[in-house]
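*Asks:* Kindly generate the corresponding structure for this input.
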Amino acid sequence: METISAVFFQYVQLLSSWWWLVLGGVTSISIVIISLRDDDSNLSLLKALQLSVVGLLSLFPFVRSVIPFKIRMDFVTRWYSLGLNTFWSFVLTVFTLSFLLAPLAFVLLVVVRVGDYILSGPFGDDIENYGVIPAVRLKFGARPEQFERKDW
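*Replies:* Below you'll find the model as predicted:
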């Protein structure tokens, strides 16, 4: 019982540390940005960040009136085109999970996005054609003639 209470007390201390809060905030805002960019591939990172901030600020009623109507409607239109739940419930869920599991959520987000980026490019094609070890060797300067091509 003492071990459980010590672990819980340590976890509560972590929840209020500055790096945990920053990691949770970056993860949750990144998830909103990724959701917007995955729906519209022409949306730039800066515009997705702007729309995410507008969406987050529009959750507060006293700030909502300061935000220009056009950009607020742009965000609302893009969000409804995603087909997800309301923005309020999505943000509440993502923020809760991001802050409770900040390091794990951040690592999963980075691993999934970086892995998707790497595997969708030429390196992913080499892995598909030759396998993992030969693809790494090709990356470091080996010649493709040295390896057999996998023709499935």
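
*Asks:* Okay, and the residue nearest to the spatial centre of the chain sits in which element?
*Replies:* Residue closest to the average C-alpha location in the chain (Cα atoms, centre = their mean): residue 31, at 4.0 Å. Counting by DSSP states H and E, the element that carries residue 31 is helix 18-39.

*Asks:* Which strands or helices does that helix pack on?
*Replies:* helix 45-57, helix 69-82, helix 87-100, helix 102-119 (3 or more Cβ pairs under 8 Å, 6 or more residues apart in numbering; DSSP states H and E). C-betas here are computed from N, CA, C, even on glycine.

*Asks:* pLDDT averaged over the second one - what is it?
*Replies:* Right, helix 69-82. For helix 69-82, the mean per-residue pLDDT is 83.

*Asks:* In that helix, which residues are buried?
*Replies:* For helix 69-82, the neighbour count (16 or more other Cβ atoms under 10 Å) marks 72, 75, 78-79 as buried.
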